[in-house]
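Participant: Predicted model follows, preceded by the sequence.
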Amino acid sequence: MGSKHLVKTAMTNAKYIGRFAPSPTGTLHFGSLVCALASFLDARHQSGRWLLRIEDIDPPREIAGSTTTILRQLSDHGLSWDGEILYQSTRTEAYREAIAALQSADIAYNCDCPRQRLTALGGIYDGHCRQRKVIEKPAIRLQVPTESGARESEATIRFDDLIMGHYIQNLCSEIGDFIIQRRDLLFSYQLAVAVDDQFQNISHIIRGVDLIYSTPRQIYLQKCLTSLSGDKPPTLTYGHLPMAINAEGQKLSKQNHAAALEVGKESQNLWLALQWLGQQPPDQLKNEPINRILDWAIDNWSISRISKQLSIPAPDQY
Ligand SMILES: [Zn+2]
């Protein structure tokens, strides 16, 4: 890059916009801290902007007070974001417009298939409702390109992941037409993320590998939406991080009772996260103030040092 020594100046790289996008379904644990830290460092190392988005579009799953706690945890660890926070709960009009555009273009359709039928299909939807013109209380699906005919190659989505390498998925044979608005009217994660990444002009997405399977759907949705609006399709760069797992080999999560990040141990947390991310922080950094640790980490950040393994055990205390 050659820009390493410009990091601490006021220069910003207008081409790099990264983001961290937690959902308020619990507080940050070690697994979410490494995601926040990696996306922060990748942005700051390249003098880019780092935005914060709260993915609060699934009220039944939310836990009161967790947004406040997440913001405090980020601040306590020195992970300061740029600009205003984007709350997905304020974006329903944009999601509705996106769905309306996809429906007018005949690439999204209503589906009222009962759960039993979907279960029998084993996860890959068969396009049953494409021509049925369902009206009553439907879910809405996005039609993916079919295997046969002129659109064959469009079903195959590929990208070069900064960490995991080349990734390829066939939307037709591996995913099928997927839900963009649920029967209970909640917008799907895929739709909201695609619309908002575009809205915020995101250029780089660094997040957990548990989301890599979703990435081709988001790439395809963005492609559909930009082609309908006449915009240039975005070229996003993705890096998917290994998952932090507990001693039982499970992903750290609220459900698995992941330990909360200990207050007052921010320096140690950052040091452990850097070590977990393969950045080899020097031992003497462990007890330095958070800003000293982050300055070192921004200067020395190297995404190529992150392991390509799908999961890595979290430190013992987490
Ligand atoms: Zn259906």
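Facilitator: Structure's in. What do you need? Numbers count the residues shown, from 1 in each chain.
Participant: can you tell me which residues contact Arg305?
Facilitator: Leu277, Gly278, Gln279, Gln280 (CB atoms under 8 Å, 6 or more residues apart in numbering). (Each C-beta comes from the backbone N, C-alpha and C, glycine too.)
Participant: one more time with 7 Å
Facilitator: Gly278, Gln279 (CB atoms under 7 Å, 6 or more residues apart in numbering).
Participant: Same question for Leu228.
Facilitator: Ala101, Ala105 are the contacts of Leu228 under CB under 7 Å, 6+ apart.
Participant: pretty sure it is in a strand, no?
Facilitator: No - the assignment for Leu228 by DSSP: H, G, I helix; E, B strand; the rest coil gives helix, which leaves it out of any strand.
Participant: Distance check, it against Pro145.
Facilitator: From Leu228 across to Pro145, the span is 15 Å (CB to CB, to the nearest Å).
Participant: same question, Ser80
Facilitator: Per CB to CB, Ser80 is found 42 Å from Pro145.
Participant: Please say which of those two ends up with more neighbours.
Facilitator: Pro145 (19 against 12; other CB atoms under 10 Å).
Participant: Tell me the span between the first and last residue of stretch 304-313.
Facilitator: 19 Å (CA to CA, to the nearest Å).
Participant: mind listing what's buried in that stretch?
Facilitator: By neighbour count with 16 or more other CB atoms under 10 Å, stretch 304-313 contains the buried residues Ile306, Ser311, Ile312.
Participant: ok, of these, which one's closest to the ion?
Facilitator: Using CB to the ion, Ser311 is the member of the buried residues of stretch 304-313 that sits closest to the ion, with 35.0 Å.
Participant: so the closest one sits right up against Leu241, yeah?
Facilitator: No - counting by CB atoms under 7 Å, Ser311 stays clear of Leu241, with 10.2 Å between them.
Participant: Specify the local secondary structure of Leu118.
Facilitator: Taking three-state DSSP, the label given to Leu118 is helix.
Participant: Which residues lie in contact with the closest residue to it other than its chain neighbours in this structure?
Facilitator: The shortest distance from Leu118 to any non-neighbouring residue, by CB to CB, 6 or more residues apart in numbering, is to Tyr125 (7.1 Å). By CB under 7 Å, 6+ apart, Tyr125 lies in contact with Arg141, Gly176, Asp177.
Participant: What about the first one, how many residues nearby?
Facilitator: In this case it means Arg141. Around Arg141 there are 25 other residues, counting by other CB under 10 Å.
Participant: Now the phi/psi pair for it, please.
Facilitator: Per-residue torsions, Arg141: phi -110, psi 150 (degrees, to the nearest 10).
Participant: Tell me the spacing between it and the ion.
Facilitator: Distance from Arg141 to the ion, counting by CB to the ion, to the nearest Å: 7 Å.
Participant: Quick check: the residue nearest to that residue when sequence neighbours are not counted vs Thr146, distance?
Facilitator: For Arg141, ignoring the flanking residues on the chain, the nearest one in space by CB to CB, 6+ apart is Asp177 at 4.3 Å. Relative to Thr146, Asp177 is positioned 10 Å away (CB to CB).
Participant: Mind checking which of those two has more residues around it?
Facilitator: When Asp177 and Thr146 are compared for neighbours, Asp177 comes out ahead with 23 against 16, by other CB under 10 Å.
Participant: who's in contact with the more buried one?
Facilitator: Going by CB under 7 Å, 6+ apart, Asp177 touches Tyr125, Gly127, Arg141, Leu142, Gln143, Val144.
Participant: just so I have it, where are all the strands in this protein?
Facilitator: Ranges of strands in the chain, per DSSP state E, are 17-20, 49-54, 86-87, 108-111, 139-142, 156-161, 165-170, 178-181, 204-208, 237-241, 243-245, 311-313.
Participant: Now render the ones you listed as TSV, adding mean pLDDT.
Facilitator: Formatted as TSV, the strands of the chain follow (pLDDT from 0 to 100):
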stretch	mean pLDDT
strand 17-20	98
strand 49-54	98
strand 86-87	98
strand 108-111	95
strand 139-142	97
strand 156-161	95
strand 165-170	96
strand 178-181	96
strand 204-208	98
strand 237-241	98
strand 243-245	95
strand 311-313	94
